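1. Sequence first, predicted coordinates after that:
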Amino acid sequence: MSELSALKEKFFSEREKIKELHYKKETGFEIANRLRNALDKILIPAFKEYFSNWDVPVCFYALGGYGRGELNFYSDIDVNLIYTGNLTQSHSEDVEAFYYFLLSLKLDLGFSFRSVDEAVELAGEDLTVFTNFLQRRVLCGEEKVERLINRRFSEFIKKNKESLVTEIIAARNERYKRFYGTVYYQEPNVKESKGGLRDLHEAFWVAKIVYGIENYSGFLDKKILDRKNFRDVISAYDFMLRVRNHLHITAGRKSDILSFEMQKEVAEYFGFPKSRKGVESFMKNYFSSAIDLSVISKEIIKGSTEELEKERKGGVFGFLKFKCEKLPPYYIENNTLYVEEDAESEVLKSPSLILEGFKIIQERGVELSSALFSLFKLSAETNREKFRKKETLQKFKEILTNLKRLSYTLELMHDTKVLGALIPDFERLRGHFQYDTYHKFTTDIHSILTVREIEKIEEKGTSRIPVKEKQQLSQILQDLENPSTLYIAALFHDIGKGKPGRHEIVGAGLTKKYMREMGFNEEEIEETSWLVKNHLLMSHLAFRRDISDPELLQHFKETCQTEEKLKKLFLLTYADIKAVGPGAWDNWKSALLWKLYNSTLALFVERKTAEELIEEKLNRRKEKVKNLLKGKIREESVEKFFQNADRDYLITYASDEIAKHLLMMRKIRKENKDYEFASESYPDIGFTKFTIVTKYRRGLFNKIAGIMSYLGINIKGANINRAIEDDCDCMVYTIHVSTVAGEALPEDKIEEFQEYLEKLYSGEFSVEDLPGDLIKPKTFRKNVPLPENKVKVDNQTSDRYTIIEVSTYDRLGVLYAITKVLLDMDTRLRRAIISTEGNRVIDSFYITDMDYQKITDENRLREIKERILEVIK
């Protein structure tokens, strides 16, 4: 045992030396090999120590990654003891003692002790166990056990080749779904995400089942890959091994997520600055390697399944005839597009023929054979100038205007680099990394996903949106006269990113350029470029401005010009947000966008101005309030109320809300109270609405914001209006709030807020009693990309209000700090509109001076901006 203790010390020492090699930039494969050898050097002697005197045949196996000889510093390590015969109590005690020795190594070791029959049976039931055994390596033990295992597994694989390959491919597809289905996720899992290490593992498993290869060089030996693709995939895999090693070493544990926190550390290891640009450059390299791993491993699997199909046709099923459809120089067989062998050279030199191939793929929904994928990619890399010829671009136009399976075709064109050859600015965006927590995908794939989200509107059961909303979206899409411009705008909407200037303006110019080259008419070009130029407008208005303002609606209608453009802009806005990533689209945003859309659509349908429609709406609202309050409040009082209340108030609230407010005002007057409070929760949309009707109190909203910050209540938006009912000159506050997680408030939190509100009015409590620093983070995550603090003044959107727009890192207490500045600067607040994008919050404040006038003094506005920037820094 003393020898094992010495070996254990040596093992730990060796791991430290291997870490030093990693920092000296040794290859990932070499580090993996040394980690394997270091572990072998202690496990093999340990096996001999505990099992050398056994009278039962036993074999010690390394499985999975350890079996392949690929270890990272904190990889899962799987080892098995496999035996034949019958065991005694003495044998079991040896196994237990060996297990405790393994635990002393302080590694993530998975250890099992099985008979040959149990091992084979379990591998036949569990794909993970099977793939672990598929990569087994004998560490020590009886040859007879290995011969038996080899024979039994060979028989099992031979009998179940097709089903095993099918299961591996199905597991791969499920894994892709769990990790967002794209290489270009901005915080990828370097092992499990698409383009991660697991991609090559699965390709190896499939090739081992089909071809019987023993290591990666078998891809070359069996001519599954040519030398270039083999070199590319091994280089990409080695890069991933090095990334994973650094993640493990930095975290001091198994850590496979390349999170924002870790990206700076890994970027620095690879020689990039720890700055934002350095991280973006490193991640571009990461995605380049990931796409190579994803695409080439897919080729390996595709080639292997094609080989399996040949075996089927040549074997007992040889009498079956598979339909082969000739489409010279291509042919379709078994739902896969191939190229005739004698036409490969012609296709390689002809981008026009390649576009014909993609037209077939789009029309038939077929896949690319592995050989044709490589051919298309090679052509795009070596004949880029030819792809820019008029004939080829016109064929690309035919693909863009077909709309059938468009996103599928575009993504395949992107993977083969054909899309980038046709649109060089799209190639510039390959792996374009946006270093923020809002965008979940890189710009290139986000653009293709935006196209896909429009397609999903018509795909029943695939969009995670309410059925009614989906039907409404579908109807809008069906009503479009020329939907192709919408799809093209979706592809091009972010093409200006990465260039100087506002990306929507730059993108509109690039859209015109490329569409003219493709031969679109001027009307289509102008509409598409307009959509690209304005693709942020609708979300900006819906989430950051008061969309009940008739002037805003009128101006937005005039900007859209036609009902067709409004519909397309709405669908583009919806698809763009959905394609940002999980959580970007929610019921709150949906409600705001639909309100803006429907209000603007009414202007087109009714053929009246916003002002005329508002007047008609207010008259209907007044009559409805009278009916709702019949027997409770006299009609004359309602008439008087509608004459005296602020017009903004009457426009903002629906009839039932106004009726409720009037009853609350009456109760305040009759009972001589200071305020009335009510709350309603909307779990489906994820907020609770607080209504406070109160006698005027200067700075009340700031005090409320302070209480909410202290209680951990998140404010999503607020309206503040003056409403006069008989002798009650009241203010109405409606505040939308939620938990930090974006859910409606629990009842106990509502009650806690009410207690503090009561104490505030009674004088038992003052905001000054709260802790000095109410600004607190909403998340445990540190070192994530922080958005830049910005304060903008908008004196154009509204004729009555100055709008202060603040963009900053989303924290509790920010709203309190900002409204304190506005209060101290002698302003009146009438609206607070809150919009969040990842960890960035954009707060818009509608303010006036103390005389209810817009603030136009530049010096005063400058001071407001400076003081806000000071408190949010």
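-> Received it, and whenever you're ready, just let me know what you need.
2. contacting residues around Val580?
-> By Cβ atoms under 8 Å, 6 or more residues apart in numbering, Val580 lies in contact with Tyr438, His439, Lys440, Phe441, His446. For the C-beta atoms, the positions are set from N, CA and C on the backbone; glycine is no exception.
3. from the residues you listed, which is closest to Pro466?
-> Comparing these against Pro466 with Cβ to Cβ places Lys440 closest, at 22.4 Å.
4. quick one, phi psi at Tyr185?
-> Dihedral pair for Tyr185: phi -80, psi 140, per degrees, to the nearest 10.
5. got a list of what it touches?
-> Counting by Cβ under 8 Å, 6+ apart, Tyr185 touches Phe179, Ser193, Lys194, Lys440, Phe441, Gly581.
6. show me what contacts Leu566?
-> Taking Cβ under 8 Å, 6+ apart, one finds Lys557, Cys560, Tyr597, Thr600, Leu601, Phe604 in contact with Leu566.
7. all helices of the stretch 251-400 of the chain, in order?
-> Applying DSSP state H, counting those that start in this stretch to the stretch 251-400 of the chain gives helices spanning 260-269, 276-314, 344-349, 351-364, 370-382, 390-400.
8. Also the stretch 751-873 of the chain?
-> Under DSSP H, counting those that start in this stretch, the stretch 751-873 of the chain gives helices at 814-824, 858-872.
9. Identify the spatial nearest neighbour of the residue nearest the centre of the chain, chain neighbours not counted.
-> Residue closest to the average C-alpha location in the chain (Cα atoms, centre = their mean): Gly581, at 2.9 Å. Closest residue to Gly581 apart from its sequence neighbours, by Cβ to Cβ, 6 or more residues apart in numbering: Lys440 at 2.5 Å.
10. burial of the one you found, as a residue count?
-> Lys440 has 23 neighbours, counted by other Cβ atoms under 10 Å.
11. ok, it to Lys716 distance?
-> 22 Å (Cβ to Cβ, to the nearest Å).
12. Val625 too?
-> Val625 is 27 Å from Lys716, by Cβ to Cβ.
13. and what of Ser304?
-> Counting by Cβ to Cβ, the gap from Ser304 to Lys716 is 52 Å.
14. Show me which of those two is the more surrounded one.
-> Per other Cβ under 10 Å, whichever of Ser304 and Lys716 has more neighbours is Ser304, with 26 against 20.
15. and the more buried one, how far is that from Gly212?
-> From Ser304 to Gly212 the distance is 11 Å (Cβ to Cβ).
16. again with Asp843
-> Using Cβ to Cβ, Asp843 is found at 63 Å from Gly212.
17. Quick check: phi and psi at the residue nearest to Gly581.
-> phi -90, psi -20.
18. Can you read off the pLDDT for it?
-> Looking at Lys440, its pLDDT is 84.
19. Name the spans of the stretch 701-850 of the chain whose pLDDT lies under the cut-off.
-> The stretch 701-850 of the chain contains residues with pLDDT under 70 at 725-727, 772, 776, 778-784.
20. can you give me the strands in it?
-> 714-725, 728-738, 776-777, 790-794, 802-809, 811-812, 827-837, 840-849 (DSSP state E, counting those that start in this stretch).
21. Can you spell out which helices and strands pack onto the fourth one?
-> Identification of packing neighbours for strand 790-794 by 3 or more Cβ pairs under 8 Å, 6 or more residues apart in numbering; DSSP states H and E yields strand 802-809, helix 858-872.
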